[in-house]
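Enquirer: Any chance you could fold what I've pasted below:
(2 chains)
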Amino acid sequence: MRIVQVRCPSCNTPIMSKQKDRFFHCDKCNVLHVRDGGTRNVDYEIAEFSDSAPLGERLYVPFWRLYCSFVIRSKSVEGGYAFRLASWIKGSDDGGSLFIYVPAADFDTMTFKRLAIDFTVRSPNYRTRLNFGGVRRMPARVSSEEASELADFVVVTMEAEKPGVLQRLDYSLTVLGSKIVYLPFVSSPSGLVPAL
Amino acid sequence: MSEISVGLNCPACGGAISVVEGDDTLICPYCDSTLFIEGERGVSTIAFKNILTRDGAVAETMQWWSRGWKARDLSRTGAVSEVYPIYLPFWRSSTRVAGWICGYTERRYTDDKGRTHVQRVPKEEMVLNDYLFSEIATDPGDLGITSLRNFSGETGFADFDMIPTFEATTGRDGAVERSKSDAISRARRSVSVPHITLERLHVFPRKLSMIYYPIWVVRYSYRNRMYMSTVDGVTGEVLSGRAPGDPLFQSLAITAGTSVGGLLAAAGIILSTLTVSEIPLVALMIGAGVLYLTYRFFRHGSEIIEGDFKHKPASGGEAMRGLGETARLIRGAYR
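Expert: Model (predicted):
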């Protein structure tokens, strides 16, 4: 076992932090990298806080934004109407593409589901910024591979939670690209509130 | 959670740091440098402090003697011969399961003309749960312990030099696979979808730990035969044990059980000649069940066994569940 100081792979600046995180962010050159069996830069973007953001402690929450291709081979819904997922995807009724948002921080299961569904159904619009501006960010826990599997869970959840009872869904979901997106939130007594 | 210091220093400031086994990242408490541990990831190791004393372990065992169907004179006649603590290693893991199980249940009903119909009721159930799993990481011999019930308590390695410790003999990969299988089984049981048409479950192992847990072993004699019990060194609960049964209880059980079971079964047979309803069959099955439980108590009642022993007769509940399954099969054939 050997302990090394984590340095930015781009500018060699030591990474300083107060909390453990799967991703290492360089405050100097804003490179985000991960060390899963080797050093690798992570594609990411930071969303700007809305001007009308509520008052409270500000923080950034990491999400995996997965660009996915979705192909439906056959389906069956009891007591519902036609296949509803088509309304979320771009393309024909039997397939297309969509952005799936998977929370990368360590949330309880219900918060995880709520955030994943909310942002996938209503893909957020935001301005981006280059750095965190001193705002605290939640540490990421979910790996890219885990996020791809969770994306599958999110699309089935979107379909199953509509009226009707899902009985069969033969489909394929292919992740075409992934990016980490830090979305702004405000911590309030009732929980985390999006600040987009 | 305890931390195991491996005597390392921060490569940036030289400060002494302690590393939790299993983590690959840590923050230096002196200079805030982010540090990365290169090499194979280990496993978090935790040891619970032994809180129970020798006298406490004996007292808990003697209280256990007076509970259940054990020999009535055990408290007076039993003599403790040996009491000692050991540390047993356990794997503990947390696994998240996310997915959906869809399918249907079947509902039977009879219409006005007496015809039986089967109606399909479609169901869709989400699974999004974290499951804790534990299993012993060594061969415990005949101690009757295979998993942990308690996961809270004070931790520390202070007792390690004084208490004999069993070495872990099972591997990490096997434990992870078993915890994943266990999580999937429990996820399936958590939903009531007997006929599955769509199942998409994703399993995410989240944390794996090795827990060293203090157990007191109490050996005692009763009428020149040796018995034992194990007592939780943290909670004081008796985890497993063997104790002598009572011949009087066995005799009473065989007398009362055969009487009640025989009467019920006979009533069922007689009623079946008089009516075509299901009541005779139900009476017959209940009678058979009572007779079976009576036989089991008589057969195994000479020794009361509690815990996860390898050669332990199924509990009354398990036996009844097996009997219920058989009854359902008979009922299906009857229809």
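
Enquirer: Export the longest helix that chain A contains to CSV, keeping only CA atoms.
Expert: Once chain A is assigned using DSSP state H, the helix that runs over the most residues is helix A:144-160. Below are the C-alpha coordinates for helix A:144-160, written out as CSV (Å, rounded to 0.1, in the frame of the first residue of the first chain):
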residue,chain,number,x,y,z
SER,A,144,-19.9,5.8,-14.5
GLU,A,145,-20.7,2.1,-14.7
GLU,A,146,-23.2,2.2,-11.9
ALA,A,147,-24.8,5.2,-13.5
SER,A,148,-25.4,3.3,-16.7
GLU,A,149,-27.2,0.6,-14.8
LEU,A,150,-29.2,3.1,-12.8
ALA,A,151,-30.3,4.7,-16.1
ASP,A,152,-32.0,1.5,-17.0
PHE,A,153,-33.9,1.7,-13.6
VAL,A,154,-34.9,5.3,-14.3
VAL,A,155,-36.5,4.6,-17.7
VAL,A,156,-38.5,1.7,-16.5
THR,A,157,-39.6,3.8,-13.5
MET,A,158,-40.8,6.5,-15.8
GLU,A,159,-42.9,4.1,-17.7
ALA,A,160,-44.2,2.1,-14.7
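
Enquirer: Please identify the buried residues of it?
Expert: A:144, A:146-160 (16 or more other Cβ atoms under 10 Å in any protein chain shown). Every C-beta, even on glycine, is put in place using the N, C-alpha and C of the backbone.

Enquirer: Establish whether stretch A:61-72 and chain B are in contact.
Expert: No. Stretch A:61-72 does not reach chain B (Cβ under 8 Å from any Cβ of the partner chain); its nearest approach is 13.0 Å.

Enquirer: pLDDT averaged over that stretch, what's the number?
Expert: In this model, stretch A:61-72 has an average pLDDT of 92.

Enquirer: Then stretch A:160-174?
Expert: Per-residue scores along stretch A:160-174 average to 82.

Enquirer: which residues are contacting that stretch?
Expert: Under the contact criterion Cβ atoms under 8 Å, 6 or more residues apart in numbering or on different chains, stretch A:160-174 has outside partners A:68-81, A:84, A:117, A:151-152, A:155-156, A:159, B:100, B:102-104, B:122-124, B:126, B:197-198.

Enquirer: follow-up on the earlier one: now the longest helix of chain A: how far from the chain's centre is it?
Expert: 11 Å (Cα atoms, centre = their mean, to the nearest Å).

Enquirer: I'd like the next helix or strand past that helix.
Expert: Once helix A:144-160 ends, the next helix or strand along the chain (criterion: DSSP states H and E) is strand A:165-188.

Enquirer: For that following strand, which strands pair with it and how are they oriented?
Expert: strand A:44-47 (parallel), strand A:57-78 (antiparallel), strand A:191-194 (antiparallel) (DSSP bridges).

Enquirer: buried residues in that strand?
Expert: Buried-residue list, strand A:165-188, by 16+ other Cβ under 10 Å: A:165-167, A:169, A:171, A:173, A:175, A:178, A:180-186.

Enquirer: hmm, which two among those residues are most spread apart?
Expert: A:Gln167 and A:Val186 (40.8 Å; Cβ to Cβ).

Enquirer: and the stretch 101-250 of chain B, which residues reach chain A?
Expert: B:102-104, B:122-124, B:126, B:128-130, B:197-198, B:200, B:202, B:204.

Enquirer: ok, the worst-scoring helix or strand of chain A on mean pLDDT: who's next to it in the sheet?
Expert: Here the helix or strand of chain A ranked lowest by mean pLDDT, DSSP states H and E is strand A:2-5, holding a mean of 84. In the sheet, strand A:2-5 lines up against strand B:34-38 (antiparallel) (DSSP bridges).

Enquirer: centre of the chain versus the strand it pairs with, how much separation?
Expert: Taking Cα atoms, centre = their mean, one finds the center of strand B:34-38 at 38 Å from the center of the full chain.

Enquirer: Can I get that strand in PDB? Just the C-alpha atoms.
Expert: Provided in PDB are the C-alpha atoms of strand B:34-38 (Å, rounded to 0.1, in the frame of the first residue of the first chain):
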ATOM      1  CA  THR B  34      -6.200  14.900  -0.800                       C
ATOM      2  CA  LEU B  35      -4.400  11.600  -0.600                       C
ATOM      3  CA  PHE B  36      -4.900   8.500  -2.700                       C
ATOM      4  CA  ILE B  37      -4.000   5.000  -1.600                       C
ATOM      5  CA  GLU B  38      -2.500   3.000  -4.400                       C
END
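
Enquirer: Only the buried residues of it, if you could.
Expert: B:34-37.

Enquirer: For ChimeraX, write a command that selects the buried ones of the contacts of stretch A:160-174.
Expert: For the buried members of those, the matching ChimeraX selection, counting by 16+ other Cβ under 10 Å, is:
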select /A:68,70,72,75,76,77,78,80,84,151,152,155,156,159 /B:100,102,103,104,122,123,124,126,197,198
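
Enquirer: Show the contacting residues for whatever residue of the stretch 151-300 of chain B ends up closest to chain A.
Expert: Of all residues in the stretch 151-300 of chain B, B:His202 sits closest to chain A, at 4.4 Å by Cβ to the nearest Cβ. Counting by Cβ under 8 Å, 6+ apart, B:His202 makes contact with A:149-150, A:152-153, B:97-99.

Enquirer: Ignoring the adjacent residues along the chain, who's closest to B:Cys31?
Expert: B:Cys13 (4.0 Å; Cβ to Cβ, 6 or more residues apart in numbering or on different chains).

Enquirer: In three-state terms, label the one you found for me.
Expert: Classification of B:Cys13 using DSSP: H, G, I helix; E, B strand; the rest coil returns coil.

Enquirer: Is it correct that it is in contact with B:Tyr30?
Expert: Yes. Shown here, B:Cys13 and B:Tyr30 form a contact pair, counting by Cβ atoms under 8 Å, at 5.2 Å.
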